[in-house]
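**Q** Need coordinates for the below:
(chains A and B, ligands or ions: 2)
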Amino acid sequence: MKECANVFEITFEAKSINEGFARVCVAAFCVQLNPSVDEISDIKTAVSEAVTNCVVHAYPKKEGLIKLRCEIEGNKVTIEVCDFGVGISDIKKAREPFYTTKPTEERSGMGFAVMEGFMDSLEVESNGQSGTKVVMSKVIGSLEKMSVGG
Amino acid sequence: MNIVSTVKNSILYVLLKGELDEHSASYTHETLDKLFTNDKIKQVILDLSQLDFMDSTGIGVFFGRYKKLAGRGIPLFVANPSTQADKILKMSGIYQIVKKISTGGKYERVR
Ligand SMILES: Nc1ncnc2c1ncn2[C@@H]1O[C@H](COP(=O)(O)OP(=O)(O)OP(=O)(O)O)[C@@H](O)[C@H]1O
Ligand SMILES: [Mg+2]
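**A** Ligands and ions are numbered 1, 2, ... in the order given. Predicted coordinates:
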């Protein structure tokens, strides 16, 4: 039986103090999927990376907003993090591990690599001038299913 | 972030309690650098057993501290990371220069 999707969406200011808030929101929403401790850690980490990028990179000269949308369908959670800032001109390059445009600020350039490694899928959209949208998803309980099924 | 430290036998033990992200990074970075000014220390151990969360910002902080200490010939170690922190640390390759050790609960006394 296919269950209906469940969605939440919030908008908040691109301030570092909201990083903890954002990851706790998503984690609390995902509890309905009965995730393991490791799965929740993975999701919190990926959300933190996406939100931190908006805080650190999207709005160099002004204040701005972050939109966080989270959708649960069946046992899959899809998380969208959007900003309306400067955008990314070369997404392929930005996604490479260790690539950072802020090496002097002690950044490692591992954010996208972490999102990719901790989630099942990661898409980054930006036209290089009006914001960035990160969409990532993860199937919860996939390991358990595999062992039950086969 | 709550940082507790002690020096014993020229080893600086630092217990990081809380969450290490962009919001707590500058405090963590500044506090550690202040602790490093002690010229008696010959080794630094960051105990991550009570670090409830960290993201890639933490890699930047640890790597920056490593570089700072390496200039004085002082090795940096991390101890007891959670599964989550360990996954990020591994992914970043930082273990090649900042070794992971286990303090086997010895740190308990330090608190
Ligand atoms: N929301 C965004 N808006 C504008 N640029 C971004 C955004 N997210 C990422 N970028 C660009 O992509 C690069 C790579 O991002 P990534 O998260 O992988 O590394 P980082 O943020 O530089 O370092 P770290 O995440 O390790 O602290 C950034 O340096 C930045 O130039
Ligand atoms: Mg980043």
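**Q** roughly how far apart are A:Asn75 and A:Thr132?
**A** Note on A:Asn75: its distance to A:Thr132, by Cβ to Cβ, to the nearest Å, is 28 Å. Bear in mind the C-beta positions are built from the backbone N, C-alpha and C, glycine included.
**Q** who has more neighbours, these two?
**A** Between A:Asn75 and A:Thr132, A:Thr132 has the larger neighbour count (other Cβ atoms under 10 Å in any protein chain shown), namely 24 against 16.
**Q** center of chain B, which residue is that?
**A** B:Leu46 (2.9 Å; Cα atoms, centre = their mean).
**Q** swap that for chain A, please
**A** Note: chain A centre (Cα atoms, centre = their mean) maps to A:Val47, 3.7 Å.
**Q** tell me which element that one is part of?
**A** helix A:37-53 (DSSP states H and E).
**Q** contacting residues around the helix or strand just after that helix?
**A** For helix A:37-53, the following helix or strand on the C-terminal side (DSSP H and E) is strand A:65-73. For strand A:65-73, contacts defined as Cβ atoms under 8 Å, 6 or more residues apart in numbering or on different chains pick out A:3, A:5-14, A:18, A:22, A:25-26, A:29-30, A:32-33, A:47, A:51, A:54-55, A:58, A:77-84.
**Q** re the thing from before, and the helix holding A:Val47 with chain B, contact?
**A** Yes: using Cβ under 8 Å from any Cβ of the partner chain, helix A:37-53 reaches chain B at A:Asp38, A:Ser41, A:Asp42, A:Lys44, A:Thr45, A:Ser48, A:Glu49, A:Thr52.
**Q** The third one touches A:Met119, doesn't it?
**A** Yes: counting by Cβ atoms under 8 Å, A:Asp42 touches A:Met119, with 7.0 Å between them.
**Q** which residues do these two both contact?
**A** With Cβ under 8 Å, 6+ apart, A:Asp42 and A:Met119 have common neighbours A:Lys138.
**Q** Neighbouring strands - and their directions - for the strand ranked longest in chain B?
**A** Longest strand in chain B, counting residues (DSSP state E): strand B:11-20. Note on strand B:11-20: by DSSP bridges, its sheet partners are strand B:2-8 (antiparallel), strand B:43-47 (parallel), strand B:51-54 (parallel).
**Q** any idea of the mean pLDDT in that strand?
**A** Averaging pLDDT along strand B:11-20 yields 98.
**Q** The closest residue to ligand 2 within chain A and chain B: what is the separation?
**A** Using Cβ to the ion, A:Gly111 is the residue of chain A that sits closest to ligand 2, at 2.6 Å. For A:Gly111, the distance to chain B equals 5 Å [Cβ to the nearest Cβ, to the nearest Å].
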